[in-house]
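In: Everything below, folded, please.
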Amino acid sequence: MRDPLRRMLSLARPRGTRFALGVLAGAVATASGAGLLSLAAWLIATAATHPPVTALSVAVVLTRALGVTRGLTRYLERLVTHDAALRTLADVRVRVYERLARTEPVRRFRSPDLVTRLVSDTDATQDLLVRGLTPPLAALLTGVGAVALATALLVP
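Out: Model prediction:
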């Protein structure tokens, strides 16, 4: 029997571009949050020295832009990944019901236990895609981008 994670990934493969777009949006949202934290800290520390307001205006505008970007890309990430996961979940349900209809006589199960277990197990596959794979991949992509940016700025 194959690994359940690999099986689920193979079922989600037709929507791989949507998941990749969701991971990219999640990475941009995470990077915007990190940039917002660091820029806000720099802005507060620099403002404490009472420089001219024009010296801080770019940082203020960038802080607002990062805040808006973070919210929009987080929403886009949720929208895209949940859409892809729900479409994959619909395909999984169809496969499960077709296989159940072929292999087991439904009349044999009198209690709703089978349907309850079937629905909960099938719905758990959505959590794997939305909560189990997307956030770690987005964090990994953000980390790689942060290391690349730090390397580009600090090595020369």
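
In: CA atoms for contacts and neighbours, from now on please.
Out: Will do.

In: Show the low-confidence segments of this structure, by residue range.
Out: Scanning the chain for pLDDT under 70 picks out 1-2, 4, 104-111, 114-115.

In: again, only using 80
Out: Residues of the chain meeting the criterion pLDDT under 80: 1-12, 96-97, 99-126, 156.

In: remind me, longest helix of it?
Out: Longest helix in the chain, counting residues (DSSP state H): helix 53-103.

In: Dead centre of this structure: give me the residue that sits there.
Out: Central residue of the chain (CA atoms, centre = their mean): Thr134, 3.7 Å from the mean position.

In: so that one is in which element?
Out: Using DSSP states H and E, Thr134 sits in helix 134-154.

In: Neighbours of Leu153, how many?
Out: Burial of Leu153, expressed as a neighbour count using other CA atoms under 10 Å, amounts to 9.

In: Equivalent analysis for Thr17, please.
Out: Neighbour count for Thr17, taken as other CA under 10 Å: 12.

In: can you offset everything so residue one is 53?
Out: Okay, residue one is now 53; in that scheme the one you just asked about reads as Thr69.

In: re the thing from before, how distant is the longest helix of the chain from the center of its chain?
Out: Remark: helix 105-155 is offset 6 Å from the chain centroid, using CA atoms, centre = their mean, to the nearest Å.
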